[in-house]
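Novice: Below: sequence and its predicted model.
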Amino acid sequence: MDTPVIDFHNHAGRWSTNLMDDDPVRFISIMDAAGVDRACINCIFHGDARRGNDVVTRFTSEHPDRFIGVGFVTPHYPEEAIGELERCFDVLGMRSLKVYPTYFERPIDDLAYMPIFEWCDSRGIVVMSHSSWVFDSDVLTLPTRFIALAKRFSNIRWVLAHSGNAPRGNVLAVEAAQACPNIYLETATSFADHGAIEFLVEGAGADRVVFGSDSPLLDSRTQIGRILTSTLPDDAKAKVLGLNAIRLLGLDSAGRG
């Protein structure tokens with residue numbers, strides 16, 4: 001297919017057990033092998049959010065035509081969060097924010113997140129969060145938790161990474177998207193059943209599903225293959241692969257900032 005491919009979910013930073021060596025050139029070679037034009041990249045692997053955002057900025061400044069910066073903040077350090085948000089979006093030029101309640105060990109709707117979401121709502125920021133319901137105890141980012149948040153912070157465009165992960169999580173992710181027009185679903189997972197892509201698009205609509213790979217933690221080639229080999233019509237595949245991300249992030253028609 002001749003269409004821009006924007007990978008909404010990627011990680012920078014070193015993590016040796018997962019063979020992450022923090023090399024943007026190697027990362028680009030993987031993108032090229034998978035057919036990815038641009039990658040939205042975050043770094044959540046440091047307790048110091050500023051350090052992680054500096055890693056991302058190295059990727060985006062060295063290769064601005066291939067990487068799109070995604071900021072990260074954590075409620076672990078509430079006195080630092082707002083200042084780092086201002087630096088991410090006013091100085092570093094990030095296009096969206098990643099939050100990760102699993103590290104915080106409290107749910108996505110915990111009160112500690114509210115100052116962060118209030119700031120994002122005032123700016124109309126795109127916020128992506130891990131979302132999952134694989135095991136009964138896997139409830140910190142239960143997709144339906146996002147419904148009340150999306151209604152309260154209606155200027156935020158919420159992206160549910162993994163769309164709940166497992167099949168039953170997919171059901172709740174679709175329920176959340178149907179309840180709130182500012183909730184979008186993202187496709188990266190290693191838990192989904194056959195037909196999951198079709199299920200997400202049918203449930204949320206072709207305009208509100210974005211392709212993500214979770215690279216390099218997951219293989220971007222197999223993740224993009226899930227879209228390409230789905231039974232979706234080509235116009236819907238084009239939206240999922242990149243056109244929705246271009247619109248969501250305010251990029252030009254070729255996916256450039």
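Specialist: Happy to help now that I have it.

Novice: Run through the residues that contact residue 109.
Specialist: 145, 148, 149 (CB atoms under 8 Å, 6 or more residues apart in numbering). For glycine as for every other residue, the C-beta is placed from the backbone atoms N, C-alpha and C.

Novice: most remote residue from this protein's center?
Specialist: Most distant from the centre of the chain: residue 79, at 24.8 Å, with distances by CA atoms, centre = their mean.

Novice: Where does that residue sit, in terms of helix or strand?
Specialist: helix 78-86 (DSSP states H and E).

Novice: Adding secondary structure, neighbour count and pLDDT, write the contacts of residue 109 out as a markdown table.
Specialist: What follows is these, written out as a markdown table (DSSP: H, G, I helix; E, B strand; the rest coil; neighbours: other CB atoms under 10 Å; pLDDT from 0 to 100):
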| residue | secondary structure | neighbour count | pLDDT |
| --- | --- | --- | --- |
| 145 | helix | 21 | 98 |
| 148 | helix | 12 | 98 |
| 149 | helix | 23 | 98 |
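
Novice: just those now: which is nearest residue 245?
Specialist: The shortest gap between residue 245 and any of these belongs to residue 149, at 21.2 Å (CB to CB).

Novice: ok, and the closest non-adjacent residue to that closest one?
Specialist: residue 109 (5.7 Å; CB to CB, 6 or more residues apart in numbering).

Novice: Show the backbone phi and psi for that neighbour.
Specialist: phi -100, psi 20 (degrees, to the nearest 10).

Novice: gap between it and residue 31?
Specialist: 34 Å (CB to CB, to the nearest Å).

Novice: three-state assignment of residue 71?
Specialist: strand (DSSP: H, G, I helix; E, B strand; the rest coil).

Novice: list the buried ones in the helix holding residue 79?
Specialist: The neighbour-count check on helix 78-86 (16 or more other CB atoms under 10 Å) flags 81, 84, 85 as buried.

Novice: tell me which of the residues you listed is nearest to residue 11?
Specialist: Once CB to CB is applied, the member of those that ends up nearest residue 11 is residue 84, at 18.1 Å.

Novice: Hmm, the closest one is touching residue 75, no?
Specialist: No - counting by CB atoms under 8 Å, residue 75 is not a contact partner of residue 84; they are 11.6 Å apart.

Novice: which residues touch the closest residue in space to residue 22 that isn't next to it in sequence?
Specialist: Leaving out its chain neighbours, the residue that sits closest to residue 22 by CB to CB, 6+ apart is residue 14, at 4.5 Å. Contact analysis of residue 14 by CB under 8 Å, 6+ apart lists 20, 21, 22, 45.

Novice: Just the buried ones from those?
Specialist: By 16+ other CB under 10 Å, the contacts of residue 14 give 20, 45 as buried.

Novice: ok, so of the contacts of residue 14, who is nearest residue 2?
Specialist: Relative to residue 2, and with distances defined as CB to CB, the nearest of the contacts of residue 14 is residue 20, at 31.3 Å.

Novice: List the buried residues in whichever strand or helix holds residue 102.
Specialist: Using DSSP H and E, residue 102 falls within helix 101-104. Neighbour-count burial for helix 101-104 flags 101, 104 (criterion: 16+ other CB under 10 Å).
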